[in-house]
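Participant: give me coordinates for this.
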Amino acid sequence: MNNGLVYVMLQLVSDTVLSMAKENGENKLLVRGTGRNQRRNIEYSITSILRQKDLIPDFIAEGYPGAPFSLKNIHKKQILTGYYTPIKAEAFKTTLAELEKRKKESKLLSKIIKVEALIRQR
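Facilitator: All right, here's what the predicted structure looks like:
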C-alpha cells in the first residue's frame, strides 16, 4: 500500500453489498444479486461510482472494474494472483497509517510486499 492504493478482491465488493442488502431488507437486490452476472453488475456499478469520485487510478481502463494482479512476498515469490480493484486509500474513512497497521496485523496481508499488474499499464 506504499503507493496509496488498496487492492480489493471484486468478490468481496459484491459480497459486502449483498450482506448489507440482507441486513437492511433490500429483497429486490438479494433476488437479483445472487447470480454471477448480477454480481458483476454490482462490482461494475461500485467501481463506476468510485471512478466518478476519482478514487480508481487511471491505469484501470474505463469500462473495467479491475485488472489481474500478482501479490508477491519479500523474496519476490508470487503468493496470490487474482482480479483486484485498486482503490485510492482516501476512499476509506481512516488514515493510511491505520490501513498499514491493519495490514501488518493480518497474517496473510503482512506477507504481501509488492503488487504487480499482470497486464501492461497505460
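Participant: any idea how many residues pack against residue 58?
Facilitator: Neighbours of residue 58 under the rule other CB atoms under 10 Å: 10. (Each C-beta comes from the backbone N, C-alpha and C, glycine too.)
Participant: the host helix or strand of residue 79 pairs with which strands, parallel or anti?
Facilitator: Element membership for residue 79, per DSSP states H and E: strand 78-88. Neighbouring strands of strand 78-88 in its sheet, by DSSP bridges, are strand 5-9 (antiparallel), strand 67-72 (antiparallel).
Participant: how about the helices in the chain?
Facilitator: Secondary structure of the chain by DSSP state H: the helices cover 10-23, 27-32, 36-52, 96-105.
Participant: ok, and what's touching the strand holding residue 79?
Facilitator: Strand 78-88 is contacted by residues 4-10, 13, 43, 47, 50, 54-57, 59-60, 65-73, 111-112, 115, 118 when judged by CB atoms under 8 Å, 6 or more residues apart in numbering.
Participant: are any of those residues buried, and which?
Facilitator: 5-8, 10, 13, 43, 47, 50, 55-56, 60, 65-67, 69, 71-72, 112, 115 (16 or more other CB atoms under 10 Å).
Participant: does residue 117 really touch residue 71, like I thought?
Facilitator: No: under the criterion of CB atoms under 8 Å, residue 117 makes no contact with residue 71, lying 11.4 Å away.
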